[in-house]
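>>> Got a sequence here, can you model it:
(one chain, ligands or ions: 1)
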Amino acid sequence: MIYLDAAATSAVRREVLEAMWPYLTGDFGNPSSHHGVGESAARALADARATVASWLGCRASEVVFTSGGTEADNLAVKGIAIASPRGRHIVTTPIEHEAVLASADYLARQHGFTVDVTPVGRDGLVDVDAFAALLRPDTTLASVMLANNEVGTVQPIAELAAMTRELRIPFHTDAVQAAGWLPLDVGSLGVDALSISGHKLGAPKGIGALYVRGRIPVEPVLHGGGQERGRRSGTENVAGAVGLAAAVRLATEHQAANALAATTARDAFVAAVLAEVPDARLTGHPSSRLPGTASFVFPGSNGETILLELERRGVVSSSGSACAAGSEDASHVLLALGYDEDVARTAVRFSWGPEVDAATLASVAPAVGDAVREVAGLRR
Ligand code: PLP
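I've put the predicted structure just below:
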């Protein structure tokens with residue numbers, strides 16, 4: 001099987017599991033407990049926090065461990081917006097992950113917020129001028145993802161964040177898909193909050209983190225024992241945090257070289273797919289995109305049927321967001337990029353991690369051609 005659905009999730013890496021093992025067995029303590037087993041867990045948690053903080057270029061106290069990307073996004077959007085005395089206005093984009101969009105929708109329904117979405121171009125890039133025009137004195141939060149999970153477009157986050165900083169509006173970015181590929185230094189990005197998720201990086205599902213700049217107040221989403229400096233109650237997932245830190249160390253070791261190699265392999269793969277299927281179109285931005293994502297529409301075909309044909313040929317991919325998989329709805333991302341609903345339903349996303357080499361990707365392009373031709377034959 002060639003697994004090209006890394007944007008949905010990745011396997012836990014052996015080194016990650018080995019790092020976690022002691023904290024699931026002998027050192028299983030609760031980090032809040034005042035005995036040896038608990039203190040050992042607390043030290044491991046502190047070490048993991050320090051690793052994540054050094055990756056993000058922030059203070060350890062600014063890292064909040066969460067159960068994943070969804071919770072990190074919920075905490076950022078709801079927590080910062082509700083805690084802010086500025087007003088009840090949020091600016092985001094129509095192509096955010098559901099975790100951001102549904103949190104914004106919750107604020108609108110339950111807390112009287114107004115939510116403005118910035119238009120995006122056909123390439124998925126946010127319209128910078130339109131974004132600037134939406135910012136108001138009562139804007140409590142701007143949230144724009146670093147890289148899109150369906151089409152892979154990478155946004156000019158530093159430029160957008162600079163605009164909000166001038167107006168003292170907190171800026172959150174969902175970096176779940178960018179993690180491992182792009183540098184996430186929060187100082188260079190100029191962001192006040194940033195979400196990551198372990199299972200996209202080779203750590204297990206159920207661990208993630210939110211960076212929140214020290215001075216920004218956050219209303220918790222989970223109330224309870226006051227862990228994570230009161231920002232996220234609940235006994236910490238110590239083994240998960242240790243695993244996340246191990247995954248971060250592995251991902252950052254060769255990040256620039258991995259990204260470069262994957263970009264070259266991706267561009268060759270895109271060219272090969274377009275040669276196999278002349279009607280196919282790459283979605284998202286041609287160059288400002290994730291090294292490990294290539295997504296296409298195949299007008300006149302059917303995305304779900306192509307996926308089945310690809311799986312018969314040993315290639316596992318996706319029609320877009322795993323969260324939308326199985327639903328009848330066309331992708332909200334492709335619709336926001338201006339694709340017609342019938343074309344949006346022909347989408348196929350290929351996404352991979354650094355372990356997938358150029359030769360493997362090259363071997364997939366003919367299978368894509370075969371699968372699309374097979375579907376065309378089936379539909380005649
Ligand atoms: N944000 C983005 C951009 C994602 O792609 C995902 C997951 O696919 C999430 C948030 C949610 O992360 P998690 O699955 O860890 O809840």
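>>> Tell me the spacing between residue 209 and residue 237.
To residue 237, residue 209 is 11 Å away according to C-beta to C-beta, to the nearest Å. In this view, the C-beta of every residue, glycine as well, is placed from N, C-alpha and C.
>>> near the ligand, which residues of the stretch 101-250 of the chain?
Contact residues, the stretch 101-250 of the chain versus the ligand (C-beta under 6 Å from any ligand atom): 145, 149, 174, 176, 177, 197, 199, 208.
>>> burial count for the third one?
Around residue 174 sit 28 other residues, with neighbours defined as other C-beta atoms under 10 Å.
>>> Now it: phi and psi?
When read as degrees, to the nearest 10, the backbone of residue 174 gives phi -90, psi 110.
>>> residues touching it, list them.
By C-beta atoms under 8 Å, 6 or more residues apart in numbering, the residues touching residue 174 are 69, 72, 73, 96, 97, 99, 100, 143, 145, 146, 194, 195.
>>> which ones among those are found in strands?
Per DSSP state E, strands hold the following members of the contacts of residue 174: 143, 194, 195.
>>> May I see those arranged in CSV, with pLDDT and neighbour count as well?
Formatted as CSV, the ones in strands among the contacts of residue 174 follow (pLDDT from 0 to 100; neighbours: other C-beta atoms under 10 Å):
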residue, pLDDT, neighbour count
143, 98, 27
194, 99, 30
195, 98, 31
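>>> Closest one of the residues you listed to residue 9?
residue 195 (16.0 Å; C-beta to C-beta).
>>> is it true that the closest one touches residue 73?
Yes - under the criterion of C-beta atoms under 8 Å, residue 195 makes contact with residue 73 at 5.1 Å.
>>> Common neighbours of these two, please.
Joint contacts of residue 195 and residue 73 (C-beta under 8 Å, 6+ apart) are 172, 174.
>>> List the buried residues in stretch 286-293.
In terms of neighbour count (16 or more other C-beta atoms under 10 Å), stretch 286-293 has its buried residues at 289, 290, 291, 292, 293.
>>> Which of the residues you listed fall in strands?
Using DSSP E, those in strands are residue 293.
>>> coming back round to it: between the contacts of residue 174, which is closest to the ligand?
The closest of the contacts of residue 174 to the ligand turns out to be residue 69 (C-beta to the nearest ligand atom; 2.4 Å).
>>> what residues are up against the closest one?
Shown in contact with residue 69 (C-beta under 8 Å, 6+ apart): 97, 99, 174, 176, 195, 196, 197, 200, 208.
>>> Find the residue closest to it in space, skipping its chain neighbours.
Nearest residue to residue 69 in three dimensions, chain neighbours excluded: residue 197, at 3.3 Å (C-beta to C-beta, 6 or more residues apart in numbering).
>>> and if you look at residue 213?
Nearest one to residue 213, counting by C-beta to C-beta, 6+ apart, is residue 192 at 4.4 Å.
>>> any idea how far the most centrally placed residue in the chain is from residue 98?
Among the residues of the chain, the one closest to the centroid is residue 176, at 2.5 Å (C-alpha atoms, centre = their mean). According to C-beta to C-beta, residue 176 stands 12 Å off from residue 98.
>>> Which secondary structure elements does the host helix or strand of residue 275 sit against?
Counting by DSSP states H and E, the element that carries residue 275 is helix 255-276. When contacts are defined as 3 or more C-beta pairs under 8 Å, 6 or more residues apart in numbering; DSSP states H and E, helix 255-276 sits against strand 293-297, helix 358-379.
>>> can you list the ones you listed in TSV and add distance to the ligand?
Below are the helices and strands packed on helix 255-276 laid out as TSV (distance: least, C-beta to the nearest ligand atom, whole Å):
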stretch	distance to the ligand
strand 293-297	11
helix 358-379	21
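>>> Mean neighbour count, these: which tops it?
Ranked by mean neighbour count under mean count of other C-beta atoms under 10 Å, these are led by strand 293-297, which reaches a mean of 27.
>>> after it comes which helix or strand?
The helix or strand immediately downstream of strand 293-297 is helix 303-312, counting by DSSP H and E.
>>> which parts of that next one are buried?
Buried residues in helix 303-312, counting neighbours by 16+ other C-beta under 10 Å, are found at 303, 305, 306, 307, 309, 310.
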